[in-house]
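>>> One predicted model, sequence on top.
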Amino acid sequence: MIPPRFEYFAPSTVDEAVEILARYGGEAKVLAGGQSLLPVMKLRLAEPKALVDLHRINDLAYLREEGDGLRIGAMTRTNDLNDAEVVRRP
C-alpha cells in the first residue's frame, strides 16, 4: 500500500526542527531511523501531515567524555559507538 501524502523536511539544525514541529503541532512525526514509522504509514495506521528527518542535524550525533561519564547524542549511530576508543576502554 502507498502511504498518504505528507510534507518532508530535513532540517540541519535543532532550531529548524523545533520550528517545524511547532508549526505542525501533533500532526508532525520525527524520523530518526524509520524502521517502524514507514511501514505503519504504508498500512495507513499513521497519517502524519509532515515528517521531520533528524539525520542531517550534526549537533545530535556526538560522543563526549564528561567527568566520569560519557554523553551520547540521540542521533549517534551504532557504528560510531562500536568504533569509538572511549567506549572500548575498561
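Yep, that arrived.
>>> Quick check: pLDDT value at the closest residue to K49 other than its chain neighbours.
Leaving aside its chain neighbours, K49 sits nearest to E27 (4.1 Å; criterion: C-beta to C-beta, 6 or more residues apart in numbering). For every residue, glycine as well, the C-beta is placed using N, CA and C. pLDDT, E27: 96.
>>> N82 now?
Taking N82 on its own, its pLDDT is 90.
>>> ok so, going back, is it true that the residue nearest to K49 touches L51?
No - when contacts are counted by C-beta atoms under 8 Å, E27 is not listed as touching L51 (10.7 Å).
>>> who's more crowded, those two?
The neighbour comparison of E27 against L51 (other C-beta atoms under 10 Å) goes to L51, with 21 against 13.
>>> now the helix or strand harbouring M41, how far from the centre of its chain.
M41 is located in helix 37-42, with elements delineated by DSSP states H and E. When C-alpha coordinates are averaged (C-alpha atoms, centre = their mean, to the nearest Å), helix 37-42 and its chain have centres 16 Å apart.
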